[in-house]
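Chemist: Provided below are the primary sequence and the corresponding predicted coordinates.
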2 protein chains.
Amino acid sequence: MANRESIGIGLMGLGVIGSGVAKVLLSKPDVLAREAGSRLLLRRVLECDLSKHGALGIQHSLFTTSFADIVNDPEIDIAIELIGGEHPAFEYIMECLKRGKHVVTANKEVMSKHWTELQTAADRYKVSLRYEASVGGGIPLIAPFQEDLIANEIRAIYAILNGTTNYILTRMAKEGIDFSVALKKAQELGYAEADPSKDIEGVDAAHKLAILSTIAFSTEIRPEQVYHEGISRLQARDFRYARELGYAIKLLAIAKRSGEYVEARVHPVFIPEDSLLAKVDGVYNAINVEGDLVGNVIFYGQGAGPSATSSAVVSDVIKIAQNINRGTVPPARLPQEQGLRVKPMSEVETRYYMRMNVADRAGVLAQISRILGDHNISISAVIQKESDPATQTAEIVIMTHPAKEAAVQVALEETARLPVVREISNFVRVEA
Amino acid sequence: MANRESIGIGLMGLGVIGSGVAKVLLSKPDVLAREAGSRLLLRRVLECDLSKHGALGIQHSLFTTSFADIVNDPEIDIAIELIGGEHPAFEYIMECLKRGKHVVTANKEVMSKHWTELQTAADRYKVSLRYEASVGGGIPLIAPFQEDLIANEIRAIYAILNGTTNYILTRMAKEGIDFSVALKKAQELGYAEADPSKDIEGVDAAHKLAILSTIAFSTEIRPEQVYHEGISRLQARDFRYARELGYAIKLLAIAKRSGEYVEARVHPVFIPEDSLLAKVDGVYNAINVEGDLVGNVIFYGQGAGPSATSSAVVSDVIKIAQNINRGTVPPARLPQEQGLRVKPMSEVETRYYMRMNVADRAGVLAQISRILGDHNISISAVIQKESDPATQTAEIVIMTHPAKEAAVQVALEETARLPVVREISNFVRVEA
């Protein structure tokens, strides 16, 4: 079968990422055609912001503000969705699939919330839905998980999936500054949005982890099943203690399989300072996946930005174009019923770092250890610094052996009620 | 089209890797069948060492010492070649392709020396030839380079591709021991072979780099075009100076595109100690690829060992099985005539570290700098330690700005001829 002369592309959304993708499509058509086997022709651009019409040298006549012009155009083979957000992106993607168009998207929110529906539709209408850019920007992850590591049973994922928070944590660690100062610096540099809550609170990473763990464990993990906790509680002193104890602090997305359960959680974590993940600085992402055969594999790169993201989007487009030319559509991957369940956060076991402010008096540590002991929480290390004569208080840091989340939460509450304890200043989970 | 009930596998070679693969095929048939869509049946094992017959619980009747029993068996769809070495592995692979059998191999020597011939045969006979395990063990590399990063023009590869040498260099760096001591320790632990020359001299890494760069630049790079130099010249004092100057020493495989030229070389390198590659310790591999869109992406994991390698081999087998069930054969990738040429080593430009032993006398540095200056080599840093009163000599370490290899070699020769220079003790290239 001869290759098609050209393959039509409809681009939905000309924001930062959309502009990046358009630029790639327009700036190196010959290189892309060589790989795709056909010219990739940008036939339509859906963008409601009229000020963008004519941008990037895109012919004015290609712009439309109406989705109908994309979905009804028989010359569009592949629709690229880069609008972002859940609505109307989800409806647009679904409608394109139903109308027999292949879809490429970078939308983590839609993919995490509607994975099964969309995969089922792709399967039913025999089209491809690719979303490599939805997790880890340009880092190949979805394809390696689904294809190159397919002989493995995935045991665990430990991942830095949000560049904004990793940038903030890196500055806090290196400069000894507090969260609010580091956030402001990130905003000034454009690494954090004006409303940074989705990044800061771990929502963005939870969406991405839902997608990765759904694929890794062939079981639908919905974003609301991913426990998430942000980084705003962290203070400069937590970083100082972490360093003293031989750890770095990272916002990790963790998914682990144990027996019939999957843990899926996003929260700040102490990790050993000599681990490779601890050395991932700035806006970079890194994903450590542990397979039964391959052991630990790490993927590292830029998790965001128009250029890196367009690498994944355009590579997805090329793969679909190659398949169009071969006359094949790889079957959509549907979740398999394996009876895996998401473990409630209260049942999760990890080690803990606890920092508290106590009265500078004899016997305080004994009272605290008794409470911990009552809840089967054993202490692995304690740091108590010289006390502050002005306030007559001291700071105690406790590292525990593995303990159940529920027990730790109850123990912390009881500890907080001790008259000698002024404040539980912070607690952070620890992964070895 | 319904999936086939089973797909027949012929395994050639039951050494360390072959046994690992057989173990995976036999120990988790249901998991593999679920992914492949068919049961993967081990139909024949070619192994000349009769003592291995009956090993791993493989039925005695499956063993054969005759390649004809593999290639003539119509029930074998996929032949796995794990014999290693160039001959007869190459002939076996070629014959299998010609007879319409798909082939999976981990053989870097065969793939690097016969890439074009084998790809051409796979293309002609409409079968798949997969070789993910030939580079980086279980780390997904071939597929990401060929597929997931396909929208990129690859600019450079910096890679730790040989676990044995990385293990030796790690021990030298951490323990301050010399090469021969570290090699002996690696041999005791089974990380280096009795005859370690292929690893130590960079031949193994050169084979792997030939494969990766052939794919990355879509241009056949033959192993003999890859300059290689080993690690045996390195001494404990080089590591001390490296640390003092802020560098680590690694054996890197480097391929870079610049204009119409490709550099392809394997040699010890000073790299900044805070780079992620500098932190890759022990037998691990790591591959940094730089694409025009994606920027720098790093892949990290176990580059060898039966379990990790079988992850790649069996994943390749599953992909082929899936394609058999879909009735498709992805086209073989053939090298494209892009007019790229391999740059001769003499034309390569890098920075250099030079260590020399000189007479402890005034004006020595002036004489040396004059020679370097005459060859357009400018100095970026100098270390001269207190001299040794017993021998009346001093050690000088010079770091240069980028300079041409040819010029540096001539300058080093001239420097060595200076009466005040006792010895050029070492030189190592530097990558920033």
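Modeler: Looks like it arrived, so ask away. Computed from a predicted structure; not experimentally measured. Numbers count the residues shown, from 1 in each chain, chains lettered A, B, ... in the order given.
Chemist: Can you pull the residues of the stretch 51-200 of chain A lying near chain B?
Modeler: Residues of the stretch 51-200 of chain A lying near chain B by C-beta under 8 Å from any C-beta of the partner chain: A:132, A:138-140, A:143-144, A:147-153. The C-beta positions use only the backbone N, C-alpha and C, and glycine is treated the same way.
Chemist: Show only the entries of these found in strands.
Modeler: Counting by DSSP state E, none of the members of those fall within strands.
Chemist: hmm, which of those residues are the buried ones?
Modeler: A:Glu132, A:Gly138, A:Ile139, A:Pro140, A:Ala143, A:Pro144, A:Glu147, A:Asp148, A:Leu149, A:Ile150, A:Ala151, A:Asn152 (16 or more other C-beta atoms under 10 Å in any protein chain shown).
Chemist: if we look at stretch A:321-331, which residues are touching it?
Modeler: A:1, A:3-4, A:7, A:35-38, A:40, A:77-78, A:102, A:123, A:126-128, B:326, B:328, B:330-331 (C-beta atoms under 8 Å, 6 or more residues apart in numbering or on different chains).
Chemist: now could you export just the CA positions of it as CSV?
Modeler: The C-alpha coordinates for stretch A:321-331 follow below in CSV (Å, rounded to 0.1, in the frame of the first residue of the first chain):
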residue,chain,number,x,y,z
ALA,A,321,0.4,8.9,10.7
GLN,A,322,2.7,5.8,10.3
ASN,A,323,-0.2,3.6,11.3
ILE,A,324,-2.6,5.3,8.9
ASN,A,325,-0.1,4.6,6.1
ARG,A,326,0.2,1.0,7.2
GLY,A,327,-3.6,0.7,7.4
THR,A,328,-3.5,-0.5,11.1
VAL,A,329,-4.8,0.9,14.3
PRO,A,330,-3.1,-0.6,17.4
PRO,A,331,-5.9,-1.8,19.7
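Chemist: which of the residues in it are buried?
Modeler: By 16+ other C-beta under 10 Å, the buried positions in stretch A:321-331 come out as A:Ala321, A:Gln322, A:Asn323, A:Ile324, A:Asn325, A:Val329, A:Pro330.
Chemist: Quick check: mean pLDDT of that stretch?
Modeler: Here stretch A:321-331 scores 94 as its mean pLDDT.
Chemist: one step back: taking the buried ones among the residues of the stretch 51-200 of chain A next to chain B, tell me the two that lie furthest apart.
Modeler: For those, the farthest-apart pair by C-beta to C-beta is A:Gly138 and A:Ala151; their separation is 25.1 Å.
Chemist: which residues touch A:Leu118?
Modeler: Counted by C-beta under 8 Å, 6+ apart, A:Leu118 has contacts A:Phe90, A:Ile93, A:Met94, A:Leu97, A:Val110, A:Met111, A:Leu129.
Chemist: try it again with 6 Å
Modeler: Contacts for A:Leu118 (C-beta atoms under 6 Å, 6 or more residues apart in numbering or on different chains) come out as A:Leu129.
Chemist: Next, work out how far apart A:Arg361 and A:Glu413 are.
Modeler: 21 Å (C-beta to C-beta, to the nearest Å).
Chemist: Need phi/psi at A:Gly138.
Modeler: Phi and psi for A:Gly138, reported as degrees, to the nearest 10, are phi -90, psi 0.
Chemist: That one against A:Ser311, yeah?
Modeler: Yes. The criterion here is C-beta atoms under 6 Å, and A:Gly138 meets it with A:Ser311 at 3.9 Å.
Chemist: shared neighbours, the two?
Modeler: Contact criterion C-beta under 6 Å, 6+ apart; residues bridging A:Gly138 and A:Ser311 by contacting each: B:Val294.
Chemist: just checking, what packs against the helix or strand where A:Val110 lies?
Modeler: Assessed by DSSP states H and E, A:Val110 sits inside helix A:108-113. Applying 3 or more C-beta pairs under 6 Å, 6 or more residues apart in numbering or on different chains; DSSP states H and E, one finds that helix A:108-113 makes contact with helix A:203-216.
Chemist: which residues touch the helix it packs on?
Modeler: A:108-109, A:111-112, A:115, A:134-135, A:145-146, A:154, A:157, A:161-162, A:198, A:220-221, A:223, A:226, A:228, A:253, A:255, A:264, A:266.
Chemist: Give me the subset of the residues you listed lying in helices.
Modeler: Mapping those onto helices (DSSP state H) picks out A:Lys108, A:Glu109, A:Met111, A:Ser112, A:Trp115, A:Lys198.
Chemist: export those residues to a markdown table and tack on distance to B:Asn376, neighbour count and pLDDT?
Modeler: Shown next, in a markdown table, are the ones in helices among the contacts of helix A:203-216 (distance: C-beta to C-beta, whole Å; neighbours: other C-beta atoms under 10 Å in any protein chain shown; pLDDT from 0 to 100):
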| residue | distance to B:Asn376 | neighbour count | pLDDT |
| --- | --- | --- | --- |
| A:Lys108 | 52 | 24 | 97 |
| A:Glu109 | 56 | 21 | 97 |
| A:Met111 | 55 | 27 | 98 |
| A:Ser112 | 57 | 26 | 98 |
| A:Trp115 | 59 | 23 | 96 |
| A:Lys198 | 54 | 17 | 96 |
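Chemist: Max pairwise distance over these: which two?
Modeler: The span of the ones in helices among the contacts of helix A:203-216, defined through C-beta to C-beta, is set by A:Trp115 and A:Lys198 at 18.8 Å.
Chemist: Just the mean pLDDT for stretch A:262-282, thanks.
Modeler: Confidence for stretch A:262-282, expressed as mean pLDDT, is 97.
Chemist: Can you point out the buried residues in it?
Modeler: Buried residues in stretch A:262-282, counted by 16+ other C-beta under 10 Å: A:262-271, A:275-281.
Chemist: How far away from the center of its chain is that stretch?
Modeler: Averaging C-alpha positions (C-alpha atoms, centre = their mean, to the nearest Å) puts stretch A:262-282 13 Å from its chain's average.
Chemist: Would you mind listing what in the stretch 301-432 of chain A touches chain B?
Modeler: A:Gly301, A:Gln302, A:Ser307, A:Ala308, A:Ser310, A:Ser311, A:Val314, A:Ser315, A:Ile318, A:Thr328 (C-beta under 6 Å from any C-beta of the partner chain).
Chemist: Poorly predicted segments of the stretch 201-350 of chain A, please.
Modeler: The model of the stretch 201-350 of chain A has no residue with pLDDT under 70.
Chemist: can you list the domain ranges for chain A.
Modeler: A:6-138+A:306-326, A:142-302, A:348-430 (automatic domain parsing).
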